[in-house]
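In: model this:
(2 chains)
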2 protein chains.
Amino acid sequence: MKQRLRGKAVIAQGGGPTAVINQSLVGAVLQARKYPWIENIYGALHGVSGIVKEDFLDLTQATTHNLERVARTPSSAMLSTRDKPDAEYCGKIFDVLKAHGVRYFFYCGGNDSADACRIVNENARKVGYELRVIHIPKTIDNDLRVTDHCPGFGSAGKFVAGAFAGANLDNRSLPGVYIGVVMGRNAGFLTAASILGRKFADDGPHLIYVPEVPFSEKKFLDDVEKTFKKHGRCVIAVSEGVCDKKGTPIIATLSKTEERDAHGNVQLSGTGALGDALGSLIKKKLKIKRVRSDTFGYLQRSYLGTVSDVDAQEAREVGEKAVQFSVWADVDGSVAIRRTGDYSVEYFLTPLDTVARHTKHMPKEFIDVKNSTVTQAFKNYARPLVGRMPDYERISAPVVAKVLKKG
Amino acid sequence: MKQRLRGKAVIAQGGGPTAVINQSLVGAVLQARKYPWIENIYGALHGVSGIVKEDFLDLTQATTHNLERVARTPSSAMLSTRDKPDAEYCGKIFDVLKAHGVRYFFYCGGNDSADACRIVNENARKVGYELRVIHIPKTIDNDLRVTDHCPGFGSAGKFVAGAFAGANLDNRSLPGVYIGVVMGRNAGFLTAASILGRKFADDGPHLIYVPEVPFSEKKFLDDVEKTFKKHGRCVIAVSEGVCDKKGTPIIATLSKTEERDAHGNVQLSGTGALGDALGSLIKKKLKIKRVRSDTFGYLQRSYLGTVSDVDAQEAREVGEKAVQFSVWADVDGSVAIRRTGDYSVEYFLTPLDTVARHTKHMPKEFIDVKNSTVTQAFKNYARPLVGRMPDYERISAPVVAKVLKKG
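Out: Numbers count the residues shown, from 1 in each chain, chains lettered A, B, ... in the order given. The predicted structure is shown next:
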């Protein structure tokens, strides 16, 4: 038997949490504990920042019972970070990993996390230290490249679809215009998932605006007016990241919000500003009285009680696969999902630089620009990921003839 | 056998929808269909406004299958209205009911709906027309008088608790201040339900602000500062209806929102203004950088996928009981719930004027004013209504000794 790479493993979670990110954590931990040459599996607290600070928990000594319960808990159990490591930071990460005799490093996150993996990996290679670095994908935005889709998206999509299904019923019973603002800076997948809450032909969301399509105030108002005329009501799904044709976020042009995040981007989440601004616009220009907006905010990624089964299973398996690839394939990379049937998948490893830094947008065939909605192709793509939605029904009964107002 | 009052029945739904209001509708319809002397049961579209317009569906001819599926659907299936009938309006309602030979009228709604029942009832009595009028309680605000609690509250409370449980996990993984704004103009029950999502001693919501306690900007900032110092983070639940000691809504003093609803009240829902204003205040005064706010909005009452079992069962039973009371007790009134054990209830009929117009606030013993939270007494009250929450777990594993930073 070939000599196995003996040493410790470290796992960490970075970026925004998802409802199933702990499935990946637990999948990797339990898998790693099966290989005797992986001496310990440490969990870093608060992602890469915990590595630099040597803040580790020894997950080798967590009970399986504890881990299995953590797996069903939303939001990063090892806690997260917004740190985006540069070369110097990655140097420090590597120093700590080396000092602890770590030979396996698993980082669960988005494209920034994949990039951190890539740089740490380069550091190790430079000094001839054998380190296996595997990126485990997660993001509710579903914007990682190469992979067919990302663990975390399905559950967030299920929340969004359930939110719009309910908002549509509410809006039907008390008509008006309803705007739901959905997370997504560059990619509209999550906003598009709102369509999966629709059942009857006249159900909302009637209009869907994604960052992939330049937002035009005129078209928006025309769309709303047309829909309102047709249905007497209008339910709208809009990505927080919609921009005008110059690429300026609408939240910045319509409202006064100017807060910027650690990376210098306009703050989009954690504020109701976009919804309120679009609502005011409709009231002012279209003279529609009952206009309401909700910004789904953090509930989309962390609400306790909504998980897609397929998403949970796949999140578990990408964690397990990460460890298997690191052990049996002796290579670095990012775990990716390939769709092989309707519905079936297989997992493969893609080089870190194919996933790092850049993100993916919705393909053109998913978007119906003219009608401000998404296509059947998108529904076919997303339905199995979101899984079975709770059903709802309308009253089916004959109309009673009028007695007083016979005309 | 005593002669039964022969005629038709009408049922309608008014005010804001709930997740279980259709259980009450279907409970009443199926019960009414059991009595041969109730010739038909009509459903009025859009509440009382549908009665005036004679917009009825004959629910006698809906299938049980259809009705049972509707029962599990959130939001008023017969559609709703914000109309608050005055004497003239109630006169028209009575005229239509009489013209159609209606002898039983069931109206599912809040205190305004109970008031409408009361006036219609008076009209009938005045002209000696025997009409049985029963109000079926519903409201997510849980602010109806006499009854121990209101159908609709438990499910909305479960959503709020699940939202805060998730937001707390999210806030723990990426620390900062999180503000969740919860529906409730005068009563804080729903905001208080946020406490039921808490498991560990340091979990949020750490602070809860309800309309029953005058909101002080100074105390709020002190509370947040103290909590942030202690936990390195802070999760806050606040009712949209919080007011200063003069009774002015904070949303009006802190932000520019001035929209008023049909009854002349400041518009509180369907805007993120309060959360944004409180967030700005914290950033400005406490210099805390990561402050996020979410306004749960309409999801609280209509999200598809979160229902409390106890709430659904009780909503069903108040519908059935409404019909039984109208038939066997020969009286008018509002169906109310009396808590008889831990946990058991019984139903009784209370006079319409004991429920109409006025609302109920949280009792003093439910509120811990000093610590800006709610008490164990509230938890004991609300826990059985909200029911079992999804569980969550933290990692339990030993800390690893540092190698590089031994000091």
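
In: what residue ranges in the stretch 1-150 of chain A are flagged as low confidence?
Out: The stretch 1-150 of chain A contains residues with pLDDT under 70 at A:1-2.

In: So which residues of the stretch 251-400 of chain A form helices?
Out: Using DSSP state H, counting those that start in this stretch, the helices of the stretch 251-400 of chain A run over A:273-286, A:299-302, A:309-324, A:376-386.

In: what residues does the stretch 301-407 of chain A put near chain B?
Out: When proximity is defined as C-beta under 8 Å from any C-beta of the partner chain, the stretch 301-407 of chain A approaches chain B at A:301-306, A:389-400, A:402-405. From N, CA and C alone the C-beta is placed, and that goes for glycine too.

In: Now the buried members of those.
Out: A:301-306, A:389-390, A:392-393, A:395, A:397, A:400 (16 or more other C-beta atoms under 10 Å in any protein chain shown).

In: residues in contact with the one residue in chain A that gets nearest to chain B?
Out: With C-beta to the nearest C-beta, the shortest gap between chain A and chain B falls at A:Gly272, namely 1.4 Å. The neighbourhood of A:Gly272, defined by C-beta atoms under 8 Å, 6 or more residues apart in numbering or on different chains, consists of A:181, A:293, A:295, B:271-273, B:275-276, B:293, B:295.

In: Turn those into JSON lines, including distance to A:Arg125 and pLDDT.
Out: Converted to JSON lines, those look like this (distance: C-beta to C-beta, whole Å; pLDDT from 0 to 100):
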{"residue": "A:Val181", "distance to A:Arg125": "44", "pLDDT": "95"}
{"residue": "A:Ser293", "distance to A:Arg125": "50", "pLDDT": "91"}
{"residue": "A:Thr295", "distance to A:Arg125": "44", "pLDDT": "90"}
{"residue": "B:Thr271", "distance to A:Arg125": "53", "pLDDT": "74"}
{"residue": "B:Gly272", "distance to A:Arg125": "48", "pLDDT": "82"}
{"residue": "B:Ala273", "distance to A:Arg125": "53", "pLDDT": "85"}
{"residue": "B:Gly275", "distance to A:Arg125": "48", "pLDDT": "91"}
{"residue": "B:Asp276", "distance to A:Arg125": "47", "pLDDT": "88"}
{"residue": "B:Ser293", "distance to A:Arg125": "45", "pLDDT": "91"}
{"residue": "B:Thr295", "distance to A:Arg125": "49", "pLDDT": "90"}
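
In: I'd like the residues you listed laid out as CSV, including distance to A:Lys379.
Out: CSV is the format used below for these (distance: C-beta to C-beta, whole Å):
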residue, distance to A:Lys379
A:Val181, 21
A:Ser293, 25
A:Thr295, 24
B:Thr271, 31
B:Gly272, 30
B:Ala273, 35
B:Gly275, 33
B:Asp276, 34
B:Ser293, 33
B:Thr295, 29
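
In: Show only the entries of those residues found in strands.
Out: Counting by DSSP state E, these place A:181, A:293, A:295, B:293, B:295 in strands.

In: Provide a list of residues in contact with the closest residue to the second one other than its chain neighbours.
Out: By that I understand A:Ser293. Closest residue in space to A:Ser293, ignoring its immediate chain neighbours: A:Gly275 at 3.1 Å, by C-beta to C-beta, 6 or more residues apart in numbering or on different chains. For A:Gly275, the contact set (C-beta under 8 Å, 6+ apart) comprises A:179-181, A:238, A:293-295, B:271-272.

In: Out of the ones in strands among the contacts of A:Gly272, which is nearest to B:Ser80?
Out: Distance to B:Ser80 across the ones in strands among the contacts of A:Gly272 (C-beta to C-beta) is lowest for A:Ser293, with 19.6 Å.

In: quick one: the top helix by length along chain A to helix B:153-173, angle?
Out: With residue count as the measure and DSSP state H as the assignment, chain A has helix A:153-173 as its longest helix. Interaxial angle of helix A:153-173 relative to helix B:153-173 (axes from the mean of the first three to the mean of the last three C-alpha atoms, to 10 degrees): 140 degrees.

In: helices or strands up against helix A:153-173?
Out: Here helix A:153-173 touches strand A:177-182, helix A:189-192, strand A:234-239, helix A:299-302, helix A:309-324, helix A:376-386, helix B:299-302, going by 3 or more C-beta pairs under 8 Å, 6 or more residues apart in numbering or on different chains; DSSP states H and E.

In: what secondary structure does the closest residue to A:Val242 other than its chain neighbours sit in?
Out: Spatial nearest neighbour of A:Val242, chain neighbours left out: A:Phe215 (4.2 Å); criterion: C-beta to C-beta, 6+ apart. Under DSSP: H, G, I helix; E, B strand; the rest coil, A:Phe215 falls in the coil class.

In: Nice, that's everything, thank you.
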